[in-house]
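Visitor: the sequence and its predicted three-dimensional model are supplied below.
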Amino acid sequence: MRILGIDPGSVICGYGIIEVEAGKIILIEYGVIKAKKKEEDFPLRLKEIFGRLTSVIERHLPDESALESVFFSKNVQSLMKLSHARAAAMLASTLREIPVAEYSPREVKKAVTGNGNASKQQVEYMVKSLLKISETHEFFDATDALAVALCHAYRWKQNASPVKNWKDFASRNPERIIKN
């Protein structure tokens, strides 16, 4: 199963594609869409996000997509712009009949690091460890998008059948066991 993870944003939008196959999770592609750098006009930024995510979808044909949900913000204007960016990202998937799941930032952090209050640096460290990424991306949005995809993959595995104990968990999730 291929999963597109999206960390939506109207300035920078992160995306990442992973594949879950025979208990292994493989990185396919990840990056960011620098919407504001390309277009200053807000409607054109949304068009850029939609167009670039559509290209990613056509290139990799994900089976499912997952987005980070909106969190509370004191700045209503920022929240509105984020909501519009999420809509553009969601539309890119739904127009191709790709199911969309949403996860709160806390759920994503907990799924990847085990701590719902983890920092962006901790999430980045775990994503790089789990997917064997050696480079450090310029923006956390890229690894945040991969974290959303990983969260969806773990949730999908859990729903297949419940984990009975730690030994069962370790045998089902060998990629989550870090060996020193």
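Guide: Happy to help now that I have it.

Visitor: can you give me the helices for this protein?
Guide: Listed in chain order, the helices of the chain (DSSP state H) span residues 35-38, 42-60, 76-94, 105-113, 120-131, 140-160, 166-172.

Visitor: mean pLDDT for those helices: which is lowest?
Guide: Out of these, helix 166-172 stands lowest, with a mean of 78 (criterion: mean pLDDT).

Visitor: follow-up on the earlier one: so which of the helices of the chain is nearest Gly16?
Guide: Of all the helices of the chain, helix 140-160 sits nearest to Gly16, with 3.7 Å by CB to CB. Using the backbone N, CA and C atoms, a C-beta is placed for each residue, glycine as well.

Visitor: ok so, going back, with mean neighbour count and distance to Lys24 added, can I get the helices of the chain in a markdown table?
Guide: Shown next, in a markdown table, are the helices of the chain (neighbours: other CB atoms under 10 Å; distance: least, CB to CB, whole Å):
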| stretch | mean neighbour count | distance to Lys24 |
| --- | --- | --- |
| helix 35-38 | 16 | 33 |
| helix 42-60 | 17 | 17 |
| helix 76-94 | 17 | 24 |
| helix 105-113 | 20 | 17 |
| helix 120-131 | 18 | 11 |
| helix 140-160 | 23 | 10 |
| helix 166-172 | 12 | 11 |
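
Visitor: report pLDDT for Ser73.
Guide: For Ser73, pLDDT reads 67.

Visitor: scratch that, Pro162 is what I was asking about
Guide: pLDDT, Pro162: 67.

Visitor: for Pro8, see how far away Gly14 is.
Guide: According to CB to CB, to the nearest Å, Gly14 and Pro8 sit 8 Å apart.

Visitor: for Gly23, give me the pLDDT.
Guide: 79.

Visitor: can you get me a residue count around it?
Guide: 11 (other CB atoms under 10 Å).

Visitor: quick one: contacts for Ser134?
Guide: Residues in contact with Ser134 (CB atoms under 8 Å, 6 or more residues apart in numbering) are Lys128.

Visitor: again with Val32
Guide: So Val32 contacts 12-15, 137-139, 141-142 (CB under 8 Å, 6+ apart).

Visitor: show me which of the residues you listed are buried.
Guide: 12-15, 137, 139, 141-142 (16 or more other CB atoms under 10 Å).

Visitor: give me the lowest-pLDDT entry from these.
Guide: For these, the pLDDT minimum is His137, 85.
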